[in-house]
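what follows is a predicted structure for the sequence shown.
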Amino acid sequence: MNVPITERLAAGSEVRAWEDTIPFRYEYTAGVAGEKFLRGLRDGEILAGLCPSCGLTSLPLRMYCVDCYAEVTKSVRVRPAGVVRALARGARTFAYVEFDGVKGGLVHTLIGSARVGSRVVVRFRPKRQRVGALSDVLGFERSG
Amino acid sequence: MPERVAIIGAGYEGFRPLVSDLSTRELMFEAASRAYDDASVDPRRDVGSFICCTEDLWEGWSITDEMVPDQIGAAGRPLCTIPADAITGIGNAAMHVLAGVADVVVLEAHSKAADALSKKQIEDLGQEPTLMRPLGVDTDTLAALEMDGFLKSTGYKVEEVDEIVVSSKRRAMHNPRASFGASLSKDEVAHASAGSSPLRKFDRAPFAEAGIVLVLASERWARKNRCDPVYLDAVAWSSSLPWFDGGGFSAAGYAKDSYSKAMRRAGKKKDLRAFDLLEVDDTFSYKALQHLHSIAGSKSETRRVIAGAGPVLNPSGGALGVGNLLEASAIHRLLECYLQLKGQAGPVQVKDARTALVQSWRGIPTATGGVALLSR
Ligand SMILES: [Zn+2]
C-alpha cells in the first residue's frame, strides 16, 4: 500500500517521448457590444460603455457594468486623446493609454516617441482602409 | 474562531526543469503515495473527496478529469478537477471539509511544463481574442507594461525589484526543491538582456516540473486520529479587474481583497507582524513587490519586510528560485509553509516558525489570486 515507484528509469536512452500537435480553429463572435465597438473603429471613433445605473464610463465596451452589474445599452464617443500610463519597449513599442473620464483603456502600438504621462491621440487608418477591426487603429501618437 | 481545517500530510516529486523519466500520471502517483504515507491514510478507504487543479491546454489533453482518478487512488470516488491555481483548489477542499462533504480531502496539482512545447502560444491564448490577440502582444510585453505602470505609479525603484531577484535566487541556493538558485549581483540583474523593456531576463520565473499533494482533514478527524497537523486558519480568493481593464497598477485588487477576507475569517487584525514567514507570488519579480505592497498596505511596511525586519519573505526562493509551476504554484507555496511549520524545511528552515501566509496569483493576463493563512 502507498508504495511509490520502485523501478525508475536509470539511463537516458530508456527515456521516450511522443510528439503530437493539436489543430484548432475558432471563429470568435464579437457580440452585441463587441460589434458596436468594432463598427465604431471603422467610423474612426472609440466607443465606451455608459452605465445607466452608476454612471461609470468604461472600456472595453461591454453589455454589463463591471461595477454594479447593470445592463449597459448606451455607448459614448470618447475623445480620442488620452494619457500614456505604461510603455513596453521591444522590437515594437506598446503603450497602455487611458482616456479622460473613462475607466479602463487600450493597449496599442506607440508611433514615434512618448513617455509615461505624455498626452497622445489615437491615429486611425485612412477611412477607405478600415474594416471594423482593431487594425483600424494604427496606434497612439504624441499630440501637440 | 470558526472550525479550522487540518493539513495532515504532504508529498511531492520532481522540482526540476525537466522530469524526463516520469509521465504526468506517474509524477502524480509518486507525489500522492508520499503524501498518503506522510498522513498515514489509505486513499481507498479514508479519503472522501479528491480535487485536482489543472488546465487542459497545459496538459495537451482535453477533459483532464478523465485522466486523474487512478493515479491518486480516486477511481470510483468523488473527484473533480478545477482549472485554476491551487489557491482556488485549497479553498474548495476547505469547503468540502467544513461543509461536511468529506472528513478527509486530497488536493493535487502539478506542472509538466516541459511537455508543452508551445508554451508561448498557450500563454498567448489567455488573451482576449478581439482586442488583445490581434496586437501580437505576448506575455512578456504585458508583463513589461504592468511593470512599467507599477513602478511609475507607485514610485518604487527598479533597484528594489533587483533586490528581490537577488535575495530569492540566493535563498534558492539552499532549497533542495529549487532549480534556479544563483548568486547574482544587483548589477547582473540590472544589466541582463531585455526582450521587452523594462522586463529583464531574471524578472521572470523559468518553468519547472513537480507534482504536489496535500491531505486535508476536519479538525475533529485529525484529533481523533492523533495527527500532528498544520492548520489552515483561513483561505480567500477573488478576481479583480486586470490593469488593462482599469484595475490600476499600484495594487493587485485580488491580493488586497483576499488578504482582508482571510484575516477577517481568522479573526486577526491586518498586520503582517502576525506571521513568521510569507510565501508571496513572484512569478515575475515586480509582482512580488506589487503583491507585498497590496497586502502590507504601505510602502514603508513593504520596505520593512524586504529589509528583513518582519516576517521572512519567500524563504523557499519563491518562483524566481524554484520555478513557475503553473496551477501548482499555490500548492508549492503551501507545501513550503507546511514544511516550515513542521520544522522540516531543512536548510531553508525559518527558526521557530509558527505562522505563515501564502499569497498566490494565476498569472498573466489574469487578476485572480488568493491568500491562505497557516499555523501550528
Ligand atoms: Zn454601473
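Sure, I can see it.

CA atoms of the lengthiest strand in chain B as PDB?
Secondary structure of chain B read by DSSP state E shows that its longest strand is strand B:5-16. Extracted C-alpha coordinates of strand B:5-16, given in PDB (Å, rounded to 0.1, in the frame of the first residue of the first chain):
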ATOM      1  CA  VAL B   5      -9.100  22.600   8.500                       C
ATOM      2  CA  ALA B   6      -6.100  20.500   9.200                       C
ATOM      3  CA  ILE B   7      -3.400  19.700   6.700                       C
ATOM      4  CA  ILE B   8      -2.300  16.200   7.900                       C
ATOM      5  CA  GLY B   9       0.100  15.300   5.200                       C
ATOM      6  CA  ALA B  10       2.100  16.400   2.100                       C
ATOM      7  CA  GLY B  11       4.000  14.600  -0.600                       C
ATOM      8  CA  TYR B  12       5.900  15.800  -3.700                       C
ATOM      9  CA  GLU B  13       8.100  14.700  -6.500                       C
ATOM     10  CA  GLY B  14      10.100  16.500  -9.200                       C
ATOM     11  CA  PHE B  15      11.000  20.100  -8.700                       C
ATOM     12  CA  ARG B  16      13.300  20.100 -11.700                       C
END
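
after that strand, next one along is what?
Next along the chain after strand B:5-16, taking DSSP states H and E as the criterion, comes helix B:24-39.

so what touches that following helix?
Applying Cβ atoms under 8 Å, 6 or more residues apart in numbering or on different chains, the contact partners of helix B:24-39 are A:2-5, B:8-14, B:19, B:22, B:42-43, B:52, B:59, B:67-68, B:70-73, B:106, B:108, B:110, B:112, B:115, B:209-215, B:217, B:227. Where you see a C-beta, it was placed from the backbone N, CA and C, and this is true even at glycine.

just the ones of the residues you listed in helices?
Cross-referencing those against helices under DSSP state H gives B:Glu59.

keep the contacts of helix B:24-39, but drop any that are not near the ion.
Contacts with the ion within those, as defined by Cβ under 5 Å from the ion: none are present.

show me what counts as buried in the helix or strand where B:Val305 lies.
Taking DSSP H and E as the definition, one finds B:Val305 inside helix B:299-306. Within helix B:299-306, the residues that count as buried by 16 or more other Cβ atoms under 10 Å in any protein chain shown are B:301-306.

also stretch A:84-98?
A:84-90, A:93-98.

do stretch A:131-144 as well
Within stretch A:131-144, the residues that qualify as buried are A:134, A:136-137, A:139-140, counting by 16+ other Cβ under 10 Å.

columns pLDDT and distance to chain B on top of those, output as a markdown table?
Below are these laid out as a markdown table (pLDDT from 0 to 100; distance: Cβ to the nearest Cβ, whole Å):
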| residue | pLDDT | distance to chain B |
| --- | --- | --- |
| A:Leu134 | 94 | 5 |
| A:Asp136 | 97 | 11 |
| A:Val137 | 97 | 10 |
| A:Gly139 | 97 | 10 |
| A:Phe140 | 98 | 12 |
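
and of those, the nearest to B:Pro129?
Of all these, B:Pro129 sits closest to A:Leu134, with 10.4 Å by Cβ to Cβ.

contacting residues around that closest one?
Counting by Cβ under 8 Å, 6+ apart, A:Leu134 makes contact with A:38, A:41, A:108, B:130-131, B:134-135.

got it, and A:Glu98?
Counting by Cβ under 8 Å, 6+ apart, A:Glu98 touches A:82-83, A:85, A:104-105, B:246.
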